[in-house]
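In: need the 3D shape of this:
(4 chains)
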Number of protein chains: 2
Amino acid sequence: MSAALLAMTPEPLERPLPTPEPEAMCPLNAAFADSQALRTTVDLGDDLFLAGAAADYAYRVEAGVLMSYRLLRDGRRQVVDFHLPGEFLGLEAGVDYTTAVQAITPAVVAGMRRRRLSALAATDVRLTGALWAASVRVCQRSQDHAAILARQSATERVAAFLLAYARRVGSLDDMILPMSRQDMADFLGLAIHTVSRTLTQMEGSGLISARSSRHVRLVRRDRLEALCS
Amino acid sequence: MSAALLAMTPEPLERPLPTPEPEAMCPLNAAFADSQALRTTVDLGDDLFLAGAAADYAYRVEAGVLMSYRLLRDGRRQVVDFHLPGEFLGLEAGVDYTTAVQAITPAVVAGMRRRRLSALAATDVRLTGALWAASVRVCQRSQDHAAILARQSATERVAAFLLAYARRVGSLDDMILPMSRQDMADFLGLAIHTVSRTLTQMEGSGLISARSSRHVRLVRRDRLEALCS
DNA sequence: CGTCGACTTGAGCCAGGTCAAGTGTAGTGG
DNA sequence: CCACTACACTTGACCTGGCTCAAGTCGACG
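Out: Numbers count the residues shown, from 1 in each chain, chains lettered A, B, ... in the order given. Modelled structure (predicted):
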């Protein structure tokens, strides 16, 4: 555990990706690559699992994009995070999942029993470290997210989101946003209208350009960065 | 998705602590009880460590209350969490701490090298599990916190905070809040004035009674609960 | 070409932020 | 024992960013 733990670089929303380590090197990827991991496709809009369900499986996103979310008692929805290929789901769960996970594009995931993962981890220190490190990363992301939600203005939130997402997909210029405006809004703690207006303003002032509503290009990254106080 | 609505119980902040297992039973407590853990006192207002420092140590709070926080680039402060006796600090860090930790009352902590903790964990599966579980708990708390920050009104936030804090200290009726109004405000993502006004209103409508500004009594827990949508 | 869902845009309002005094209350020194 | 200071907290007045409500507009698909 020590080595993997110390080698870890928890990645805040907006920090260069911590060296997406060579697939072969990451014990977690290795675990999911083995024959016991079973691939499932998830249709657009379908839930992979629901909040409150027994957290028996962990998943690796093989293709597509998913979104984890919670529903509040009054029906409001809080999007916790988006999940891109290569990322893991459910590692940081306790006994039950605390979020639901839904596909926002058609997706493929590799699922693995968490018991089996635990069993493997019991004999593989590097895997243990990787599991812990994965939780740490989720934790950091969530704290970064909280900081944005607590204090930032609508413009700052949207700018931070665009930059973070661009960084995650490794996009150099333009990118497709797979999520709806509502998904973004529920992630950023804003009304859908505010997200829409903010993007329109940003385009108006030349920060971004939008080929279509889900296809944007970050024209002035520097000025967007400047917005993320 | 429809089913998710029914399944969900996204109790923010206040989910029952995941079995505060008997001290003797928890391998983490055992680890910190050993001779290698060294006790330190932290004066009120002093930092135990700063954000960005090398995360060499993990700590267990022995006495007093501490607070973890981040400073944003523009000087705004985000309080990430409060830490009561028996809780751990720094377990979920990566290479560096991402928050600073400050004592909001005089405090005593037991510190332990994380390398040593890792070494112990390498030969003790139960300790490994406990470490992981601790990260998971931090992660959940942080997601709950994010949900509150994203969507709740000032009144909902304050109510959720009071109830969660009461539950954590196990208070039946009244309790001392060790943190300043500003600390609360920075935790809840509100202006200090809003926190103050909200508490005044709550007292006005009989939800709480305040013997002094930091000594409150939850008079109508039921109605406070009702506020946490 | 019509329909439907996703998105945009406008108008008005209000919760909560800002600015600016006040009111305790705990030290501290005379 | 009483000023005097300092800091934490409260309160008021006002303003504004973002929410709500209510139409549009756009694009995909039959």
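In: now do the helices in chain A.
Out: Ranges of helices within chain A are A:2-7, A:27-33, A:114-123, A:125-151, A:154-169, A:181-188, A:192-204, A:221-227, based on DSSP state H.
In: give me whichever of those is most buried.
Out: Of all the helices of chain A, helix A:125-151 has the most neighbours on average by mean count of other C-beta atoms under 10 Å in any protein chain shown, namely a mean of 24. Where C-beta positions appear, they are placed from N, C-alpha and C, glycine not excepted.
In: does chain B sit close to it?
Out: Yes - applying C-beta under 8 Å from any C-beta of the partner chain, one finds helix A:125-151 touching chain B at A:125, A:128, A:131-133, A:135-140, A:142-143, A:145-147, A:149-151.
In: ok, back up a step: quickly, which of the helices of chain A bottoms out on average pLDDT?
Out: Lowest mean pLDDT within the helices of chain A: helix A:2-7, at a mean of 38.
In: what about the nearest residue to residue A:198 once chain neighbours are set aside, distance to DNA strand D?
Out: Of all residues not flanking residue A:198 in the chain, residue A:158 sits nearest, at 4.6 Å (C-beta to C-beta, 6 or more residues apart in numbering or on different chains). Plainly put, residue A:158 is 10 Å away from DNA strand D if you go by C-beta to the nearest atom of the strand, to the nearest Å.
In: next one: residue A:170
Out: Residue A:170 is 25 Å from DNA strand D, by C-beta to the nearest atom of the strand.
In: number of nearby residues for that residue?
Out: Using other C-beta atoms under 10 Å in any protein chain shown, the number of residues around residue A:170 comes to 10.
In: for the closest residue to residue A:44 other than its chain neighbours, phi and psi?
Out: Sequence neighbours aside, residue A:106 is the residue nearest to residue A:44 in space, at 5.2 Å (criterion: C-beta to C-beta, 6+ apart). For residue A:106, the backbone dihedrals (degrees, to the nearest 10) come out as phi -60, psi 140.
In: enumerate the residues of chain A near DNA strand C.
Out: Proximity of chain A to DNA strand C, by C-beta under 7 Å from any atom of the strand, involves residues A:180-182, A:192-193, A:195-197, A:199-200, A:210, A:213-214.
In: now the residue nearest to residue A:44: how far from residue A:37?
Out: 19 Å (C-beta to C-beta, to the nearest Å).
In: between those two, which is the more surrounded one?
Out: residue A:37 (20 against 14).
In: can you list the domains in chain A?
Out: Recorded structural domains for chain A (assignment: automatic domain parsing) are A:2-150, A:153-227.
In: any chance of those in a markdown table, with distance to residue B:219 too?
Out: Shown next, in a markdown table, are these (distance: least, C-beta to C-beta, whole Å):
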| stretch | distance to residue B:219 |
| --- | --- |
| domain A:2-150 | 23 |
| domain A:153-227 | 31 |
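In: sorry, back to before: make TSV from the helices of chain A and add distance to residue B:96 to it.
Out: Output for the helices of chain A, formatted as TSV (distance: least, C-beta to C-beta, whole Å):
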stretch	distance to residue B:96
helix A:2-7	11
helix A:27-33	22
helix A:114-123	25
helix A:125-151	11
helix A:154-169	19
helix A:181-188	26
helix A:192-204	32
helix A:221-227	22
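In: list the residues that contact residue A:115.
Out: By C-beta atoms under 8 Å, 6 or more residues apart in numbering or on different chains, residue A:115 lies in contact with residue A:56.
In: repeat that with 10 Å
Out: Shown in contact with residue A:115 (C-beta atoms under 10 Å, 6 or more residues apart in numbering or on different chains): A:56-57.
In: what does residue A:44 give?
Out: Going by C-beta under 10 Å, 6+ apart, residue A:44 touches A:64-65, A:102-107, A:178.
In: distance to residue B:84 added to the residues of chain A next to DNA strand C, as CSV?
Out: Shown next, in CSV, are the residues of chain A next to DNA strand C (distance: C-beta to C-beta, whole Å):
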residue, distance to residue B:84
A:180, 41
A:181, 41
A:182, 38
A:192, 39
A:193, 41
A:195, 38
A:196, 43
A:197, 42
A:199, 42
A:200, 46
A:210, 48
A:213, 47
A:214, 45
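In: out of those, which comes closest to residue B:41?
Out: Nearest to residue B:41 among these is residue A:195, at 48.1 Å by C-beta to C-beta.
In: quick check: closest non-adjacent residue to the closest one.
Out: What sits nearest to residue A:195 in space, not counting adjacent residues and going by C-beta to C-beta, 6+ apart, is residue A:185, at 4.7 Å.
In: residue contacts, that neighbour?
Out: Contacts of residue A:185 (C-beta under 10 Å, 6+ apart): A:77, A:79, A:154, A:157-158, A:179, A:191-196.
In: relative to residue A:74, how far out is it?
Out: For residue A:185 relative to residue A:74 (C-beta to C-beta), the value is 16 Å.
In: go ahead and build a ChimeraX selection from the buried members of the contacts of residue A:44.
Out: Filtering those down to the buried ones (16 or more other C-beta atoms under 10 Å in any protein chain shown) takes a single ChimeraX command:
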select /A:64,65,102,103,104,105,107,178
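In: so which of the contacts of residue A:44 belong to strands?
Out: Among the contacts of residue A:44, the residues falling in strands (DSSP state E) are A:102-103, A:107.
In: is it true that residue A:171 touches residue A:218?
Out: Yes - here residue A:171 reaches residue A:218: they are 8.0 Å apart, a contact under C-beta atoms under 10 Å.
In: find the residues that touch each one of the two.
Out: Common contact partners of residue A:171 and residue A:218 (C-beta under 10 Å, 6+ apart): residue A:165.
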